[in-house]
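1. Task: produce atomic coordinates for the following.
(2 chains)
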Amino acid sequence: MQIDKDIVLWVNSLVGKSPILDRLMIIMANDYLVPVGIALMLLFIWFMGKDPAQRDNYQRAVACAAISIGSVCGFVLAFNHLYRHPHPFEDMPQLMDTVNHIFYRIHDPGFPSNTSAVTFAAATSIWQRNRKLGLLVFIPAILMPLAKLYSAVYYPSDILAGAALGILTSYFIYKIVMPLLRFPIDLVFMMLRKLCLA
Amino acid sequence: MDIAVVQRWEYFLFVFIASVGVLQLVASYSQLKGLLFFESKVLSYLFALLAIGGSFGWFFGYNNRIDTVMRRVGLEGAQQFLYFNLAAFLALVLTLIVSSALHTYRHRAQCEQKEYPEGLGALRETSYFESLKHSLRSIFKEKIR
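-> Numbering: from 1, shown residues only, chains lettered A, B, ... in the order given. As a prediction, the model looks like this:
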């Protein structure tokens, strides 16, 4: 789509103009910072409830996030086999310098963006049970795909499709799968409570 | 030409130390005294911040790694998932063992606790292994009845 290319070109015209912005994007685009940060947030949320009811609510949110992340990875993988389109740096070789300046040339298919699918699935899962905590997780969840757009790794449509897939998957898991799996999930939670881990 | 990439052990160590820090942070925040290494809340927060800040600082900042090894394909998503879970699990096991040992040492002269709430709540006042013992004992008693 031309609008996709136009947005990528406009965003990439900013690269090199502000060393602070470039630095922020280098940090946020990193493969490790946001995924580990979100996973550590989930670990924190698992233990953070102050009474049994609050703990149960938070732990079910973490369970929903874990199931959503696993499911959305599967959906992205399946989608990648059906449809494949080039990354911005492949379509527009003049952006190669930008990619090398901020990130690196990734080999995974770009549509939908795996990064935004996973981060949005995690953030939505938490948001559905606790708005404030969810918003906190949404901050890195939004910044990482934006940094990848800035580094010309993804098109806006890749990111939007990934985000939509992540949000819908999480919503589906929360509304349909979690109630359907209520018995096995309750059983796991009961066992974890007996082991003093939930 | 240097083609160093992020090594598995580096990622594992980073997540392990950061997870220990997060567990101390949340134990202090949720007042799960049975999980804490220190009795003082300030010391617990300080330890947590040092562990989290130190691990992130070392992993990303040491030798300017964010501009060198992090700009290449390193660990795949599946590998990251595997090593994260392993490291976080071992961090939890270490936390449970160390906090239980310290708790037992500190409170050996005190009377036994009368009530043991179910689940994580039990860790508000007593150590993990003490809570686990009572939890398993109650299951056993229920089965005998």
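2. Give me the secondary structure label for A:D97.
-> Each residue gets one of three states, and A:D97 gets helix by DSSP: H, G, I helix; E, B strand; the rest coil.
3. What count of nearby residues applies to it?
-> Counted with other C-beta atoms under 10 Å in any protein chain shown, the neighbours of A:D97 add up to 14. (Each C-beta comes from the backbone N, C-alpha and C, glycine too.)
4. What parts of chain A come near chain B?
-> A:26-27, A:30-33, A:35-36, A:39-40, A:43-44, A:47-52, A:55, A:73, A:100, A:103-104, A:106-107, A:114, A:192-198 (C-beta under 8 Å from any C-beta of the partner chain).
5. Pull out the buried residues from the residues you listed.
-> Neighbour-count burial within these applies to A:26-27, A:30-33, A:35-36, A:39-40, A:43-44, A:47-49, A:55, A:73, A:103-104, A:106, A:114, A:193-194, A:196-198; the criterion is 16 or more other C-beta atoms under 10 Å in any protein chain shown.
6. before we move on, back to that, which of the residues of chain A next to chain B fall in helices?
-> Among the residues of chain A next to chain B, the residues falling in helices (DSSP state H) are A:26-27, A:33, A:35-36, A:39-40, A:43-44, A:47, A:52, A:55, A:73, A:100, A:114, A:192-194.
7. Skipping its backbone neighbours, what lies nearest the residue of chain A found nearest chain B in space?
-> When distances are taken as C-beta to the nearest C-beta, chain A approaches chain B most closely through A:R193, which lies 3.8 Å from it. Leaving out its chain neighbours, the residue that sits closest to A:R193 by C-beta to C-beta, 6 or more residues apart in numbering or on different chains is B:G119, at 3.8 Å.
8. what's the answer for B:F16, then?
-> Excluding the flanking residues, the one nearest B:F16 by C-beta to C-beta, 6+ apart is B:A87, at 4.1 Å.
9. any idea how far B:F14 is from the one you found?
-> According to C-beta to C-beta, to the nearest Å, B:A87 stands 8 Å off from B:F14.
10. Same question for stretch A:104-117: list its buried residues.
-> Judged by neighbour count (16+ other C-beta under 10 Å), stretch A:104-117 contains these buried residues: A:Y104, A:I106, A:P109, A:G110, A:F111, A:P112, A:S113, A:N114, A:T115, A:S116, A:A117.
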